[in-house]
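Participant: Quick one, structure for this:
(4 chains)
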There are 4 protein chains.
Amino acid sequence: MTGVVPRVAVVGAGYWGPNLIRNFLASPDWDLVAVCDLDEARARRVIGNRTAVDVETSVDRLLARPDLDAVAIATPARTHASLALSAFAAGKHVLVEKPLAESAADAELMIDSARRAGRVLMIDHTYCFTPAARYIRDTIEAGDLGDVLYVDSTRINLGLVQPDVDVFWDLAPHDLSILDFVLPGGLRPAAVSAVGADPLGTGRACIGYLTMPLPSGGSAHVNVNWLSPTKIRQVVIGGSRRTLIWDDLNPQQRISVYDRGVDLTGPAADVGERTARAVSYRMGDMVAPALGEREALAAMVAEFAAAITERREPSTDGTAGLRVLSILEATSASLAAAGAPAPVQDHSASMIKEYA
Amino acid sequence: MTGVVPRVAVVGAGYWGPNLIRNFLASPDWDLVAVCDLDEARARRVIGNRTAVDVETSVDRLLARPDLDAVAIATPARTHASLALSAFAAGKHVLVEKPLAESAADAELMIDSARRAGRVLMIDHTYCFTPAARYIRDTIEAGDLGDVLYVDSTRINLGLVQPDVDVFWDLAPHDLSILDFVLPGGLRPAAVSAVGADPLGTGRACIGYLTMPLPSGGSAHVNVNWLSPTKIRQVVIGGSRRTLIWDDLNPQQRISVYDRGVDLTGPAADVGERTARAVSYRMGDMVAPALGEREALAAMVAEFAAAITERREPSTDGTAGLRVLSILEATSASLAAAGAPAPVQDHSASMIKEYA
Amino acid sequence: MTGVVPRVAVVGAGYWGPNLIRNFLASPDWDLVAVCDLDEARARRVIGNRTAVDVETSVDRLLARPDLDAVAIATPARTHASLALSAFAAGKHVLVEKPLAESAADAELMIDSARRAGRVLMIDHTYCFTPAARYIRDTIEAGDLGDVLYVDSTRINLGLVQPDVDVFWDLAPHDLSILDFVLPGGLRPAAVSAVGADPLGTGRACIGYLTMPLPSGGSAHVNVNWLSPTKIRQVVIGGSRRTLIWDDLNPQQRISVYDRGVDLTGPAADVGERTARAVSYRMGDMVAPALGEREALAAMVAEFAAAITERREPSTDGTAGLRVLSILEATSASLAAAGAPAPVQDHSASMIKEYA
Amino acid sequence: MTGVVPRVAVVGAGYWGPNLIRNFLASPDWDLVAVCDLDEARARRVIGNRTAVDVETSVDRLLARPDLDAVAIATPARTHASLALSAFAAGKHVLVEKPLAESAADAELMIDSARRAGRVLMIDHTYCFTPAARYIRDTIEAGDLGDVLYVDSTRINLGLVQPDVDVFWDLAPHDLSILDFVLPGGLRPAAVSAVGADPLGTGRACIGYLTMPLPSGGSAHVNVNWLSPTKIRQVVIGGSRRTLIWDDLNPQQRISVYDRGVDLTGPAADVGERTARAVSYRMGDMVAPALGEREALAAMVAEFAAAITERREPSTDGTAGLRVLSILEATSASLAAAGAPAPVQDHSASMIKEYA
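Facilitator: Numbers count the residues shown, from 1 in each chain, chains lettered A, B, ... in the order given. Got it, this is the predicted structure:
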């Protein structure tokens, strides 16, 4: 790195690129030197007038620039792996939009390539950089919720029906990356069950339900839907001590922690042919903690810079992206098998997660 | 029938019985002559002081009374069938709390017995008597929603963990009876998939997800949970023309009908290896229709009286209860098979639904 | 008193009477012996069939009954004083619906008459018997909110436009009785300002705003409205330490206590021609305390019985009703004076509030 | 004008300036050439790196630039008049943040100066450029609400206690400018009543209530508060035909139109000493219209450009700013007089509102 702050270029000025561009421009940790898009007019429109940011239309020319330390890739998923490999070959650090790649195999190549090149590979799991996600991770780690008994995550919207992916691949990476971030040890189910529906005949699932076991014996459920007229972004995390609800569309009360639940109070007893336990109910207070309102993308680009400067893995590294991808691949397999559980391939032997 | 209005007794003064008692007492269509419970003190407490309603502690003595036309059975499910058969044998009409019986086989016996006795068998699917459910049935029948593409029903609460049934048998009858009531032709899936969890180790599922196909190619999803700190009772019905949301806990706006959705606009096209269709988005108004606020149980006891007087099937008859029961039995089978689809037994050949 | 529990009659079977009747019937503390109404059919309809409660159509005959210890008066406000005086003359205890009387002068007569007769005079300030109001009184008394800086109470609805009173006399007694109950020392403003509007030309204010000073230098504001299409029942109590919001239409979270506010941090300084103080902001957590869900009227009739049995003043006694009435009279005076402040007559010299 | 699009500079890079800068930069209708602030570092921070926008620290030098057509003034209110007069003297068009000036007298000078110079004077009444405000104006104009019977506007927040103005001058301009925009003929009350409180002793009102008559005989009420722990931005407009609620913090349902209300149904009748009218109640549907989500400031800067190009008055012109200012001055007078109504000075003789 030659300058005071690292120099970055954004590749892809379409749907998500403008958000990255805005945050790199506003960040004291970065110098945005170029935006690269095949459509030059679109790139110019995004950076606006009175700017000294360059527009590039060739990735090769972009990666050949010596005044560039990193690239942020905001192109369709099928292009992620080849772009990232080229960037590592050119000695650049890489930030990739979710999902990390089209396949777990590609993702492993990317992770391996980054390690060989000694460069940072970061996945933009944006929600992990919200104050809410950080609060949840900390409160679970501190034991405030007790054991995680169940998770119910809903992400529905009148969303853009994507031409190349189904609703699981479009929306569930958000839920999965959040769970991977907040659950101790990450999200590593042995198998998943998925059912979906395509009632309009669009050619891919527009409605999806995904269930996977949790270490406690409970389950995590994800409900994603492109056809809902209302928008919901909610994660419920039920614990043995408290239950937390994250309602991301309620800025005045994003997180509520309920001291309400069911406790086992007696030994196992026979009930008819079953064994049952006596229970009691806690009906305590609810606390909505004060959270800051920092924009998640601002924190994300700051972490990307910090990982480069401090020569360490970012908090959402390639292996986090790979874990999410492995679950998505199993999801597709279960969907094809009409909901029968499909195993999630375990990459943990070769890919050890290293937290910053 | 000998009196001006039919005479009824409520059997069971426990959890739900008091609600029936209150509504029979307030109804101009009924004369409540007795409450029957093994626990005489409980029965007396429920009917209160200064009353001329009798208390009975023996069902046999109750059914032998000549001044009685009908009984309402609000006892545990395992007793429903034998009580109903005795009542029919005594020439009484019968109202039964949900679920109709412990098994579909018992339910068929009850239906058959009612027909032979020429008496009314009604199931108390309470929600079907709300102004909201009636509005939904009418608006679907009128074609206002178009084809039903998906249903998403959520019924979660910090509920009483039941000693003898799991969360599906406790809560899902509400969702299933509503869907059976509002969907044209009733709810008759060929199979269901169910996954559940018992993270506390209570001996039965406390969290459950149930999915079944709809004729349109879409699906109905039911989410039931005894461990949730917050209470949700919501049914989303996504249609090809409009989508309706019933939020039963919002008395100021129980039903919202959204003119928002996705429309197919082009012919099928090849996208990669798939076939896809071009889509457009409707972003129209939302209408919350004015609904009356009549108590559902008041309408339910009125319908019970009307069916008796008019010598016809009630709008929620035994076959409706049987359809719900058949789905519950398939749910238990799928749950035992780790979510693999389980077929729903079809009783429609022998049991033709007759709407009033 | 001759029986095990006191015997009561309800006078007036119209709007509110049925609620009293239901609660007296269900109460273990009372024996409801009669309902009195000029309209016999209405009285019979309210008590229902199979009952041993008497119907009376003459107050004189009712009060002459020896098997009666108390009466609950639920008739129009203009009849309260004469009915109560007759009841005290007959040796009965008296519960009166709000407002206590048509004028403060009448209310003083009632209070005086009760004392001379040695009988209980209680006002049905129903909201004071909710778990929420009791929580608020306790939390203010414990100092959790600090000094009460402001109160903002909103009670709007598409309400029944009353033939004989304006919106202040109809709705504001609720707000005023709550404030009188929760504020230390009761609600004793020296003056009030009221503005109102009658945009439909009904002959009385249908919209009203009432403001009065608080001891802290802050103010209490009451917003009442008969024309609102939506229903709001909300009380905000802003304190120097915390601010509490009571949303009575949200049963899942009636009370929220916010540790958010503005603190003075510096000495007074000159700002232009004014004196100003440096401030800082607290942005802490919100807590929604767990509250019971007991019906307020059940607690109210229990308190009426307890006051009689224990020969003491009830927690909402005649002087509480008088304080509310004095503010209502000043409200009418201010309204007639186009919003100019009108003094509230002080009855505290003769009428010392005695808490139970 | 010499360029293809007009060239503008923003004066003041403090609280609101960055929002203007961002919108001028993103607008196809403008070329942002400079940002002017006494604090050069602050100005540089706001425009960011890699920019060709100039920073100026002297207004005189800025106004002397020939490559400038317009200025947007986002400085404290007390500086607005002198800055605007200098800008007109230099031949520039002027956009001013609210309030237009410190006094109605200054505002009249500004309006007069703009006319003599033949330049546009626009006030940034931002809310008037929201899709919601435009919808409301159109629906009132079309007669959908009938006569406006009452307005209830609430704007409360844990806001910044301002050093130089009270809560009325800080927040009420939003409510007043909205009402001026949507009410036919603008907001022209003859008098206003205001009460306020300063319970913390900050030296100025932190809580305020403002009431003014409407032509229908009803009233408009404005509730502003800097001390509220929760944020509310709500305007209720009660009409004789329908009532509209604008909840600006609910992006999924900003506007709700209720077909609910009270209708007069009979002739006037004597009720006691008063005249009353029989009434009935409408309980119809609610409609939430689909609205676009265009950022208000983007529409505002577009209107500024259009007014210049088309040589016409903008939709929020100086006289709109003057009307708001006149009401604020009367508010201060009423506040000083303990709530007694204070007359609003009428400037309409000299200042005729001219809509575009």
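Participant: did I read that right, A:Ser315 in a strand?
Facilitator: No. Remark: A:Ser315 does not belong to a strand; assigned using DSSP: H, G, I helix; E, B strand; the rest coil, it is coil.
Participant: Could you double-check that it sits in contact with A:Cys128?
Facilitator: Yes. Using CB atoms under 8 Å, A:Ser315 is in contact with A:Cys128, at 6.9 Å. From N, CA and C alone the C-beta is placed, and that goes for glycine too.
Participant: Please enumerate the shared neighbours of these two.
Facilitator: A:Phe181 (CB atoms under 8 Å, 6 or more residues apart in numbering or on different chains).
Participant: out of those two, which sits in the busier spot?
Facilitator: A:Cys128 (23 against 20; other CB atoms under 10 Å in any protein chain shown).
Participant: Which pLDDT value belongs to the more buried one?
Facilitator: What the model reports for A:Cys128 is a pLDDT of 98.
Participant: Next, the contact list for it, please.
Facilitator: A:Cys128 sits in contact with A:134, A:177-178, A:181, A:296, A:315-316, where contact means CB under 8 Å, 6+ apart.
Participant: what about 7 Å?
Facilitator: Taking CB atoms under 7 Å, 6 or more residues apart in numbering or on different chains, we find A:Cys128 in contact with A:177-178, A:181, A:315-316.
Participant: Can you classify it by secondary structure?
Facilitator: Under the three-state scheme (three-state DSSP), A:Cys128 adopts helix.
Participant: how far away is it from A:Ile237?
Facilitator: A:Cys128 sits 15 Å away from A:Ile237, taking CB to CB, to the nearest Å as the criterion.
Participant: what do you get for A:Asp317?
Facilitator: Taking CB to CB, one finds A:Asp317 at 23 Å from A:Ile237.
Participant: try A:Ala299
Facilitator: As for A:Ala299, its distance to A:Ile237 is 21 Å (criterion: CB to CB).
Participant: Give me the more crowded residue out of these two.
Facilitator: Shown here are A:Ala299 and A:Ile237; by other CB under 10 Å, A:Ile237 has more neighbours (25 against 19).
Participant: Please name the bridge partners of the more buried one.
Facilitator: With DSSP bridges applied, A:Ile237 shows beta-bridge pairing to A:Val151, A:Leu244.
Participant: A:Thr230 belongs to a strand?
Facilitator: Yes. Applying three-state DSSP, one finds A:Thr230 inside a strand.
Participant: How about it, nearest residue that isn't a chain neighbour?
Facilitator: Excluding the flanking residues, the one nearest A:Thr230 by CB to CB, 6 or more residues apart in numbering or on different chains is D:Gln252, at 6.3 Å.
Participant: Then A:Val8?
Facilitator: In space, and not counting its chain neighbours, A:Val8 is closest to A:Ala70: 4.6 Å by CB to CB, 6+ apart.
Participant: same check, this time on A:Asp170
Facilitator: Leaving aside its chain neighbours, A:Asp170 sits nearest to A:Gln162 (5.2 Å; criterion: CB to CB, 6+ apart).
Participant: quick one: that neighbour and D:Trp30, what's the gap?
Facilitator: 35 Å.
Participant: Between those two, point out the one with more neighbours.
Facilitator: D:Trp30 (22 against 18).
Participant: phi, psi of the more buried one?
Facilitator: phi -140, psi 150 (degrees, to the nearest 10).
Participant: And what about A:Arg312, helix, strand or coil?
Facilitator: coil.
Participant: if I look at it, how far off is chain D?
Facilitator: Using CB to the nearest CB, to the nearest Å, one obtains 26 Å as the distance from A:Arg312 to chain D.
Participant: Help me see whether the longest strand anywhere in chain A makes contact with chain C, please.
Facilitator: Ranked by residue count under DSSP state E, the longest strand found in chain A is strand A:255-271. No. Strand A:255-271 is not in contact with chain C by CB under 7 Å from any CB of the partner chain; minimum separation 7.7 Å.
Participant: partners of that strand, with directions?
Facilitator: strand A:243-247 (antiparallel), strand A:274-288 (antiparallel).
Participant: Contact residues of chain A facing chain C?
Facilitator: So chain A meets chain C at A:253, A:283-290 (CB under 7 Å from any CB).
Participant: one more time with 8 Å, if that's ok
Facilitator: Of all the residues in chain A, those in contact range of chain C (CB under 8 Å from any CB of the partner chain) are A:253, A:256, A:259-260, A:283-290.
Participant: buried sites along stretch A:193-212?
Facilitator: Using 16 or more other CB atoms under 10 Å in any protein chain shown as the test for burial, stretch A:193-212 gives A:193-200, A:202-212.
Participant: same question for it, mean pLDDT?
Facilitator: Over the span of stretch A:193-212, the pLDDT mean works out to 94.
Participant: Quick one: distance of that stretch to the chain centre.
Facilitator: How far stretch A:193-212 lies from its chain's middle: 20 Å, per CA atoms, centre = their mean, to the nearest Å.
Participant: Likewise for stretch A:278-290?
Facilitator: 29 Å.
Participant: contacts for that stretch?
Facilitator: With contact meaning CB under 8 Å, 6+ apart, stretch A:278-290 is reached by A:135, A:253, A:255-267, A:269, B:158, B:161, B:200, B:202, B:229, C:253, C:256, C:259-260, C:283-290.
Participant: how does it look with 6 Å?
Facilitator: For stretch A:278-290, the external contacting residues (CB atoms under 6 Å, 6 or more residues apart in numbering or on different chains) are A:253, A:255-266, B:161, C:283-290.
Participant: now swap in stretch A:216-231 and tell me
Facilitator: A:147-159, A:161, A:167, A:171-172, A:175, A:206-214, B:197, B:199, B:209, B:238, B:243, B:258, B:260, B:262.
Participant: Would you mark the buried spots in it?
Facilitator: Within stretch A:216-231, the residues scored as buried using 16+ other CB under 10 Å are A:216, A:218-230.
Participant: could you dump the residues you listed to a markdown table with pLDDT and secondary structure?
Facilitator: Output for the buried residues of stretch A:216-231, formatted as a markdown table (pLDDT from 0 to 100; DSSP: H, G, I helix; E, B strand; the rest coil):
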| residue | pLDDT | secondary structure |
| --- | --- | --- |
| A:Ser216 | 87 | coil |
| A:Gly218 | 92 | coil |
| A:Ser219 | 95 | strand |
| A:Ala220 | 97 | strand |
| A:His221 | 97 | strand |
| A:Val222 | 98 | strand |
| A:Asn223 | 98 | strand |
| A:Val224 | 97 | strand |
| A:Asn225 | 96 | strand |
| A:Trp226 | 95 | coil |
| A:Leu227 | 95 | strand |
| A:Ser228 | 94 | strand |
| A:Pro229 | 93 | strand |
| A:Thr230 | 93 | strand |
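Participant: Select, from those, the two members most distant in space.
Facilitator: Spatial extent of those (CB to CB) is set by the pair A:Ser216 and A:Pro229 at 34.8 Å.
Participant: returning to what we had before: could you point out which of the contacts of A:Cys128 is nearest to B:Ala9?
Facilitator: A:Ile178 (54.8 Å).
Participant: which residue packs closest to that closest one, ignoring adjacent ones?
Facilitator: A:Tyr127 (5.1 Å).
Participant: quick one: contacts for the one you found?
Facilitator: A:133, A:174, A:178.
Participant: A:Gly146: neighbouring residues, count only.
Facilitator: 15.
Participant: Name the nearest of the contacts of A:Cys128 relative to B:Asp106.
Facilitator: Using CB to CB, A:Ile178 is the member of these that sits closest to B:Asp106, with 45.7 Å.
Participant: Can you report how many residues neighbour the residue in the stretch 1-150 of chain A that chain C sits nearest to?
Facilitator: Nearest to chain C, among the residues of the stretch 1-150 of chain A, is A:Tyr135, at 11.2 Å (CB to the nearest CB). Number of residues near A:Tyr135 (other CB under 10 Å) recorded here: 20.
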